[in-house]
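Student: Turn this into a model:
(chains A and B)
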Amino acid sequence: MARKLPRKDVVIIGLGWTGSIMAYELADAGLDVIAIERGPWRNTATDYPPGYAADELRYRIRHELFLSPSQTTFTFRNKMTEAALPIRTWGAFMPPNGVGGGGVHWNAETWRFLPSDFVLKTHLTERYGASFLPEDMTIQDWGVTYDELEPHYDRFEYLCGTSGQAGNIKGKIMEGGNPFEGPRSRAYPNPPQDQPFGHTLFGKAARDLGYKPFPQPSGNMSRPYQNPLGVRLGPCTYCGFCEWFGCGNYSKASPQTTILPTLVRKPNFTARDNSEVTRINVDGSGKRAIGVTFVDATGDEWEQPADLVVLSAYTIFNVQLLLLSGIGKSYDPAANTGVIGRNFTHQTISDVVSFFDPTKFVFNPFIASGAIGMCIDEFNGDNFDHGPHGFVGGGYMGHVQTNGRPIETTPVPPGTPLWGAAWKKAVKENYQSAIKPGTGIHGSMYSYRDVYLDLDPTYKDRFNRPLVRITMDFHDNEIKQNKFLTDKFAEIFQAMGAKQVHKEYRKAPYDITKYQTTHLCGGAIMGTDPGTSALNRYLQSWDVPNLFVLGASAFPQNAGYNPTGTVAALAYWAADAIRSKYLKNPGQLINA
Amino acid sequence: MRSAAQLALVTLTLAAGVGEATSAGLQDFAAVERGRYLAAAADCGSCHTVPGSDHPMSGGRPIETPFGVLVAPNITPDRDTGIGAWSDGEFDAAVRKGIRRDSSRLYPAMPFPYFARMTQEDVKDIRAYLSTVEPVHNPVTVNKLPFPLNQRMAMTVWDRLYFTPGEFMGQPDKSKQWNRGAYLVEGPGHCGACHTPKTVLGGDKSDKKLQGYTLQGWVAPDITSVQGPLADWSADDLAQYLKTGHNRFAAAAGLMGEVVELSTSKLSDDDTKAMAAYLKDVSGPKPAADSSADAHVMAAGGAIYQDLCSACHKSDGSGVPSLIPNLAKAATVNTGDPTTVLRVILQGAQSVATDKEPTGPAMPAFGWQLNDAQVAAVATYVRNHWGKAPPVSEDAARKERMALDARTN
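Tutor: Just a heads-up that it's a prediction; the model follows:
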């Protein structure tokens, strides 16, 4: 029997980027806010200090900062006709855990989506005709536009101290930046990070080929920074232990280094760590959330009543809590009805590994940060004419070599034995003169009718709740897209003078054991039609108006960028709607 | 300002034994507000409130002295266990003269030799403020000293040696700001209680005012500012440090972190600037002769430094302003006593977070990773490479490690 705690104005489920942003915004509005986080509290000096932050075995191989699959996991299958099996070791993505969430171990690649990404269905239909899109593709417009999100992107970039070169300030194209980006109201708060040798060569080769290369926008500081909340970050040391790791010296934007220090000073904010929310409670009408039930580290069950519930866990857990709480109609791919679980997407990642003459090229790959490199955006979104190519979508591509770590980054030419003296010799010969970008091709994945989430009929978690079942496979559109992008990418390395270029195309079927990114998207998407979306344009549940659902679960489909910038901009956008509209008149903000 | 007539009336009332603890000031909004501010300036809560307690000023915090442990009493208005039944005169006698209600003597853990410099009115305002805090029934056994130190009679002699009564006397040839700063530093701020060297009996060495002392496992460095380790700090640097806990050189942690959090960060900018102006005018000793360190130790320390420390403090020790201390300019590094350096290397340190500087960065512990010789080498390096502070021996590192193991805080 759950014991009932005193009522709060707001309960926030999950204290990662979006939970921290929303907690700050609502506490700042004077509301009494509690955040409930499944994992532990994490601080820089005590949890990933420089003395051992750079431990590749501990963090990269043994996944210390991530959720343990023994705590909870998902089942996976490619096709609706198959039986799904539980994931027992993380592969394709890394579910975060603990305060700060994915913000602790991200690369800090901080992008904005293209204006056309937010009106994708309309845009592609107008440009190419409806028949150009695959029949089972279920892409949608978001219900929010780039222009509406621009101030919120800006807030996040200034919160984080993003280092970058603007490409478009109020419509004026800026030399050295990304000319394809939407207009931004002002420059990045910090200049780009310094580019190492190989990245610089890549930029030159791309420019020679007629592209407009620009430095990767980075949440790793190019110089000391104090954000608008007064919190300070130090300059990045280019240590090369960034993604998969916590930053040991306050140089990577994370909730810990940007928001939490001020949030914890607010007397109207409380956090409970090591506590897992098991259910969002609704009243008899099913139209109003009355709080959440959670289990603490000792196994005791508690009920936390609240007037407003913010669901801000990782993509799949957002969907799981909605399904388990009976909020919104479950998606049924056969009947094509329901909304919770639909339009689930990931990313279409591939890479090119190139080998250069070791007597002429010394790249020092260990000089790196999680978001360092030169990128081009010519083949992203609809920045190029897809007409001749027979697919839609795209991605940025870049020489974003994030590390030279000894276990992970020891590229050897194809055909080298996998172990033994010949392998060692090849590692030694190529370590300084090979390029293996941490982020190479960062392609979009659009949504399809048979790619979705639902509750597994067989497997249960430790609370005897059904696990979420992932049904996902690549469709021809993404495979074609990847082939096209990978070939274009390889041309740049050829132009750099590589003696050997090895293309690692992404191929079907979707492989749950091969890492791509942690950018799972969709399943509780935003939109304009309650028949095809779970949330309105303010991320408010169509069914339970005092519930807002934050995170990439709201993306109707994924774009060719890292999602965090957009995830955070949407959180600020939703917070603004709550503060300026919802609190004045609590209820459904959109009459659909 | 209250008129003399009012003061006289209060005195008369008290003398007549009517109204006990009450006085005109107790319900005077302005007096209470001034008292709240002065209680922060005097950092009453640092000793009289258990950290994290929901019951401010209710006592119970053990105060570590070289002679043993004293426990701070309950100063809430509770009539039985606090000071609710005290008259203003009794309160004033305790705060400014070190005389208890039963006429026995207070131990100088209560910094009455400093509070003696405060005006009677300021002390009365503090009393007015204390009368507004929640009364808490919390009996505290203050005196846990061993015999014969537990005999308060001994304090009569101590007072004769070390206690000079008398309010602060302004110096007319100095600026108003200087005088305000001097009043705060010498009076309510009681900076010398930690920063002035002590005799074996725990009295101030009055000829070495603010020249540094080590207590409760931390170095309170020489804060005379003309020639000491703060020589390169401007008055603005000092004021910023007091107000925010951080500046371009250093970060407050440990006891000073607590002082900033509970006291100096709550002072007005004018007052922290005044304290800084005064401190910049206090002369200290000439810097000690340069010390040199063994070249091998320095080489080892430098290697450890580049490996473990330089990511934050930078290769040249300069750190990041208001985030990571500058090891060449932080007063607790380049100073005679290495206690703080060793402590921070061994167990790390949490710097203070304030409204102005909410980051509160922390230094991780390295005691689990470095042995005594390595700790000594890197301590020697950071003290002697940029500055010329004396080297630190392996034995000193070993002793500090044992001392920290024995500490409960």
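Student: Contact partners for the nearest residue to residue A:127 once chain neighbours are set aside?
Tutor: In this structure, residue A:127 finds its nearest non-sequential neighbour in residue A:382, 6.8 Å apart by Cβ to Cβ, 6 or more residues apart in numbering or on different chains. (Glycine included, C-beta is placed from N, CA and C.) By Cβ atoms under 8 Å, 6 or more residues apart in numbering or on different chains, the contact list for residue A:382 reads A:114, A:116, A:123, A:124, A:127, A:392, A:394.
Student: mind checking how far residue A:382 is from chain B?
Tutor: 42 Å (Cβ to the nearest Cβ, to the nearest Å).
Student: What residues does the residue in the stretch 151-300 of chain B positioned nearest to chain A make contact with?
Tutor: Among the residues of the stretch 151-300 of chain B, residue B:246 lies closest to chain A, at 8.5 Å counting by Cβ to the nearest Cβ. Listed by Cβ under 8 Å, 6+ apart, the contact partners of residue B:246 are B:240, B:252, B:322, B:323, B:351, B:352, B:354, B:357, B:359.
Student: Kindly report the same for residue B:53.
Tutor: Neighbour list for residue B:53: residue B:60 [criterion: Cβ under 8 Å, 6+ apart].
Student: where does it land on pLDDT?
Tutor: Looking at residue B:53, its pLDDT stands at 92.
Student: swap in the one 3 residues further on?
Tutor: We have a pLDDT of 95 for residue B:56.
Student: any idea whether it is helix, strand or coil?
Tutor: On the three-state scheme (DSSP: H, G, I helix; E, B strand; the rest coil), residue B:56 is labelled coil.
Student: Can you give the contact residues for the helix or strand encompassing residue A:459?
Tutor: In the assignment (DSSP states H and E), residue A:459 maps to strand A:452-460. Outside strand A:452-460, the residues that touch it by Cβ under 8 Å, 6+ apart are A:74-75, A:83-84, A:86, A:316, A:319-320, A:323-324, A:330-331, A:333, A:341-344, A:466-471, A:523.
Student: and if we set it to 7 Å?
Tutor: The contact list for strand A:452-460, computed with Cβ atoms under 7 Å, 6 or more residues apart in numbering or on different chains, reads A:75, A:84, A:86, A:316, A:319, A:323, A:330-331, A:333, A:341-342, A:344, A:466-471, A:523.
Student: Give me the subset of those lying in helices.
Tutor: A:316, A:319, A:323 (DSSP state H).
Student: tell me which of these is nearest to residue A:191?
Tutor: residue A:316 (36.9 Å; Cβ to Cβ).
Student: any idea how far the closest one lies from residue A:326?
Tutor: Computed as Cβ to Cβ, to the nearest Å, the residue A:316 to residue A:326 distance reads 18 Å.
Student: if we can go back for a sec, return the strand holding residue A:459 as CSV; C-alpha atoms alone will do.
Tutor: Extracted in CSV, the C-alpha atoms of strand A:452-460 (Å, rounded to 0.1, in the frame of the first residue of the first chain):
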residue,chain,number,x,y,z
TYR,A,452,6.5,1.3,-33.1
LEU,A,453,6.5,0.6,-29.4
ASP,A,454,4.0,-1.4,-27.4
LEU,A,455,3.9,-3.5,-24.3
ASP,A,456,5.5,-6.9,-24.5
PRO,A,457,3.1,-9.8,-24.1
THR,A,458,5.7,-12.0,-22.3
TYR,A,459,8.5,-10.2,-20.5
LYS,A,460,8.0,-8.3,-17.3
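Student: where do the strands sit along the stretch 201-350 of chain B?
Tutor: Ranges of strands in the stretch 201-350 of chain B, per DSSP state E, counting those that start in this stretch, are B:213-215, B:218-220, B:349-350.
Student: Pull the number of nearby residues for the closest residue to chain A within the stretch 51-200 of chain B.
Tutor: Of all residues in the stretch 51-200 of chain B, residue B:54 sits closest to chain A, at 11.9 Å by Cβ to the nearest Cβ. By other Cβ atoms under 10 Å in any protein chain shown, 9 other residues sit near residue B:54.
Student: near chain B, which residues of the stretch 101-250 of chain A show up?
Tutor: Within the stretch 101-250 of chain A, the positions adjacent to chain B are A:224, A:230, A:231, A:232, A:234, A:235, A:237, A:239, A:248, A:249, A:250 by Cβ under 7 Å from any Cβ of the partner chain.
Student: out of those residues, what pair is the most spread apart?
Tutor: Longest distance between any two of these is 26.1 Å, between A:230 and A:239; criterion Cβ to Cβ.
Student: wait, which of the contacts of residue A:382 is closest to residue B:119?
Tutor: Distance to residue B:119, by Cβ to Cβ, is smallest for residue A:114 among the contacts of residue A:382, at 68.0 Å.
Student: Just to check, the closest one is in contact with residue A:381?
Tutor: Yes - in this structure, residue A:114 is within contact of residue A:381 by Cβ atoms under 7 Å, at 4.3 Å.
Student: give me the number of residues near residue A:172?
Tutor: By other Cβ under 10 Å, the residues close to residue A:172 number 9.
Student: and residue B:122, what helix or strand is that in?
Tutor: helix B:120-130.
Student: can you list contacts of that helix?
Tutor: Helix B:120-130 is contacted by residues B:2, B:25-26, B:28, B:31-32, B:34-36, B:38-39, B:42, B:57, B:75, B:77, B:83, B:88, B:91-92, B:95-96 when judged by Cβ under 7 Å, 6+ apart.
Student: Mean confidence (pLDDT) on that helix, please.
Tutor: On average, helix B:120-130 scores 96.
Student: average model confidence for stretch A:533-550?
Tutor: 98.
Student: And stretch A:503-515, by the same measure?
Tutor: On average, stretch A:503-515 scores 96.
Student: Next up, the contacts around residue A:402.
Tutor: Here residue A:402 is in contact with A:107, A:240, A:242, A:243, A:368, A:369, A:370, A:372, A:438 (Cβ under 7 Å, 6+ apart).
Student: any idea how far the closest residue to residue A:136 other than its chain neighbours lies from residue A:532?
Tutor: Excluding its sequence neighbours, the residue lying closest to residue A:136 (Cβ to Cβ, 6+ apart) is residue A:449, at 4.6 Å. Computed with Cβ to Cβ, the distance linking residue A:449 and residue A:532 is 11 Å.
Student: Could you do residue A:276 as well?
Tutor: For residue A:276, the distance to residue A:532 equals 31 Å [Cβ to Cβ].
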